[in-house]
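Participant: I'll drop the sequence and a predicted model, then ask my questions.
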Amino acid sequence: MKVIRSLLLGTLIGFCAIMLHNIYPPFGFIGSILLTFIGMNIFSRTFFYLRYQVIASAAWLAVVLFAGNPGSGEEVLIYGNTYGNIFLIAGFITLMISLVRPRRS
(Lines give C-alpha, C1' and ligand atoms only; values in the text may rest on other atoms or scores of the structure.)
Protein backbone atom coordinates (compact mmCIF):
# COMPACT_ATOMS: atom_id res chain seq x y z
CA MET A 1 0.00 0.00 0.00
CA LYS A 2 2.86 2.38 0.78
CA VAL A 3 4.38 1.68 -2.63
CA ILE A 4 1.16 2.73 -4.34
CA ARG A 5 0.93 5.85 -2.17
CA SER A 6 4.52 6.79 -2.99
CA LEU A 7 3.85 6.34 -6.71
CA LEU A 8 0.75 8.50 -6.54
CA LEU A 9 2.35 11.24 -4.44
CA GLY A 10 5.44 11.37 -6.66
CA THR A 11 3.19 11.60 -9.69
CA LEU A 12 1.13 14.37 -8.08
CA ILE A 13 4.20 16.40 -7.14
CA GLY A 14 5.58 16.02 -10.66
CA PHE A 15 2.30 16.97 -12.32
CA CYS A 16 1.89 20.09 -10.18
CA ALA A 17 5.49 21.12 -10.84
CA ILE A 18 4.98 20.70 -14.60
CA MET A 19 1.85 22.81 -14.60
CA LEU A 20 3.53 25.51 -12.53
CA HIS A 21 6.93 25.79 -14.21
CA ASN A 22 5.91 27.84 -17.27
CA ILE A 23 3.48 30.24 -15.55
CA TYR A 24 4.68 33.82 -15.00
CA PRO A 25 8.40 33.35 -15.65
CA PRO A 26 10.57 33.25 -13.52
CA PHE A 27 8.20 33.01 -10.54
CA GLY A 28 6.44 29.87 -11.73
CA PHE A 29 9.76 28.18 -12.35
CA ILE A 30 11.04 29.06 -8.88
CA GLY A 31 7.72 27.93 -7.40
CA SER A 32 7.91 24.58 -9.19
CA ILE A 33 11.42 23.88 -7.89
CA LEU A 34 10.35 24.90 -4.37
CA LEU A 35 7.24 22.71 -4.69
CA THR A 36 9.40 19.75 -5.66
CA PHE A 37 11.84 20.31 -2.80
CA ILE A 38 9.21 20.92 -0.12
CA GLY A 39 7.00 18.09 -1.40
CA MET A 40 9.83 15.58 -1.31
CA ASN A 41 10.93 16.76 2.15
CA ILE A 42 7.41 16.32 3.50
CA PHE A 43 7.33 12.97 1.77
CA SER A 44 10.61 11.94 3.42
CA ARG A 45 9.16 12.75 6.83
CA THR A 46 5.97 10.81 6.08
CA PHE A 47 7.69 7.74 4.62
CA PHE A 48 10.98 7.36 6.47
CA TYR A 49 12.47 4.56 4.39
CA LEU A 50 14.60 5.52 1.42
CA ARG A 51 12.99 2.96 -0.90
CA TYR A 52 9.66 4.84 -0.87
CA GLN A 53 11.44 8.11 -1.58
CA VAL A 54 13.25 6.52 -4.52
CA ILE A 55 9.92 5.22 -5.86
CA ALA A 56 8.36 8.69 -5.54
CA SER A 57 11.37 10.29 -7.22
CA ALA A 58 11.18 7.77 -10.07
CA ALA A 59 7.47 8.56 -10.49
CA TRP A 60 8.26 12.30 -10.57
CA LEU A 61 10.97 11.72 -13.15
CA ALA A 62 8.72 9.49 -15.28
CA VAL A 63 5.95 12.11 -15.33
CA VAL A 64 8.37 14.91 -16.19
CA LEU A 65 10.07 12.94 -18.97
CA PHE A 66 6.70 11.87 -20.37
CA ALA A 67 5.55 15.51 -20.38
CA GLY A 68 8.70 16.56 -22.24
CA ASN A 69 8.02 14.21 -25.16
CA PRO A 70 5.47 14.96 -27.89
CA GLY A 71 2.11 13.26 -27.38
CA SER A 72 -0.32 11.89 -29.94
CA GLY A 73 -1.40 15.39 -30.97
CA GLU A 74 2.22 16.64 -30.95
CA GLU A 75 1.58 18.64 -27.76
CA VAL A 76 4.46 19.17 -25.35
CA LEU A 77 4.05 20.33 -21.75
CA ILE A 78 7.73 21.06 -21.13
CA TYR A 79 9.12 23.10 -23.99
CA GLY A 80 12.75 23.01 -25.04
CA ASN A 81 13.27 26.63 -24.03
CA THR A 82 15.48 27.94 -21.26
CA TYR A 83 12.94 27.40 -18.49
CA GLY A 84 12.09 23.91 -19.68
CA ASN A 85 15.70 22.76 -19.82
CA ILE A 86 16.59 24.34 -16.50
CA PHE A 87 13.44 22.81 -14.98
CA LEU A 88 14.55 19.32 -16.01
CA ILE A 89 18.07 19.78 -14.67
CA ALA A 90 17.18 21.69 -11.49
CA GLY A 91 14.29 19.35 -10.71
CA PHE A 92 16.52 16.30 -10.99
CA ILE A 93 19.19 17.95 -8.81
CA THR A 94 16.49 18.88 -6.29
CA LEU A 95 15.34 15.27 -6.16
CA MET A 96 18.89 14.04 -5.61
CA ILE A 97 19.47 16.60 -2.84
CA SER A 98 16.26 15.60 -1.10
CA LEU A 99 17.27 11.92 -1.33
CA VAL A 100 20.74 12.32 0.15
CA ARG A 101 19.76 14.75 2.91
CA PRO A 102 19.75 13.20 6.37
CA ARG A 103 16.23 12.33 7.46
CA ARG A 104 15.38 13.52 10.94
CA SER A 105 12.09 13.32 12.74
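Facilitator: It's in.
Participant: wait, what's in contact with the residue nearest to the spatial centre of the chain?
Facilitator: By Cα atoms, centre = their mean, the chain has its centre lying nearest to Gly14, at 3.8 Å. Contacts for Gly14 (Cβ atoms under 8 Å, 6 or more residues apart in numbering) come out as 36, 59-64. C-betas here are computed from N, CA, C, even on glycine.
Participant: using the three-state scheme, assign Val23.
Facilitator: One thing to correct before we go on: residue 23 is Ile, not Val. Three-state call for Ile23 (DSSP: H, G, I helix; E, B strand; the rest coil): coil.
Participant: next, count neighbours for it.
Facilitator: For Ile23, the number of neighbouring residues by other Cβ atoms under 10 Å comes to 11.
Participant: how close does it get to Gly71?
Facilitator: Distance of Ile23 to Gly71, computed by Cβ to Cβ, to the nearest Å: 20 Å.
Participant: before we move on, what about Ile18?
Facilitator: The spacing between Ile18 and Gly71, counted by Cβ to Cβ, is 13 Å.
Participant: neighbour count: these two, which is higher?
Facilitator: Set side by side, Ile18 and Gly71 show more neighbours around Ile18, with 21 against 10, by other Cβ under 10 Å.
Participant: how close does that one get to Pro102?
Facilitator: Per Cβ to Cβ, Ile18 is found 29 Å from Pro102.
Participant: appreciated, that's everything.
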